[in-house]
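K.L.:
coords please:
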Amino acid sequence: SIKKAEIQSLEAIEQAQAAQIANIEASYRVSFTMNGGTGLVYSGEQFLWPCPSSSNISSYYGPRVAPTAGATSYHRGIDIPADDGTEIEAAESGTVIESEYNDSRGWYILLDHGNDIYTRYQHMNSKSPINVGEVVTKGQVIGYVGCTGSCTGPHVHYEVWKGQKWNHINPSALYPGGYR
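P.N.:
Numbers count the residues shown, from 1 in each chain. Reported below is the predicted structural model:
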């Protein structure tokens, strides 16, 4: 049986975690809810959809069957299919911190939006016209849809990181009213 002291200890841990969550929510303008999804709901300014000409999603965030060799079975972003050469826009203003080629990601660009929010746009048809260190504005064209790296057809793979690099969140959390 659980002793009173053990229950009190667990309650103290729960209260400390609730305080930590409240501090994170306040500093990053987000709220955590138990909604059956990622639990992360962005409550700041709405991000723009990165590929205005397409509201389709061909692969959602989360577990999946890897579509090709070199692709992961846990999808850390969403895939937005569009014609080769279609414009990709910055979802929010930020600074370019990476713009390069990777065998898996193809040509990609990574933006730092401040407040520990990052977005990455992968499989572009060529190197981005924007260079590392440059500041981009919300809605600015940062590249063009392609199929470089490990990919099965032209699309932009769109990732959002929160809190630190590589801490992926479901991009859907940034679009509470739907896409576009």
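
K.L.:
in the chain, which helix or strand is least confident?
P.N.:
Between all helices and strands in the chain, the lowest mean by mean pLDDT, DSSP states H and E belongs to strand 40-42, at a mean of 40.

K.L.:
now the helix or strand hosting Val156, how far from the centre of its chain.
P.N.:
In this assignment (DSSP states H and E), Val156 forms part of strand 155-162. Taking C-alpha atoms, centre = their mean, to the nearest Å, one finds the center of strand 155-162 at 4 Å from the center of the full chain.

K.L.:
which secondary structure elements does it contact?
P.N.:
strand 78-81, strand 117-124, strand 168-169 (3 or more C-beta pairs under 8 Å, 6 or more residues apart in numbering; DSSP states H and E). Every C-beta, even on glycine, is put in place using the N, C-alpha and C of the backbone.

K.L.:
Tell me which of those strands lies nearest to Phe47.
P.N.:
Phe47 lies closest to strand 117-124 among the helices and strands packed on strand 155-162, at 7.8 Å (C-beta to C-beta).

K.L.:
From the rest of the structure, what touches that closest one?
P.N.:
Contacts of strand 117-124 from elsewhere in the structure, counted by C-beta atoms under 8 Å, 6 or more residues apart in numbering, are 28, 47, 50, 77, 88, 90-92, 94, 97-98, 105-113, 142-149, 151, 154-162, 165.
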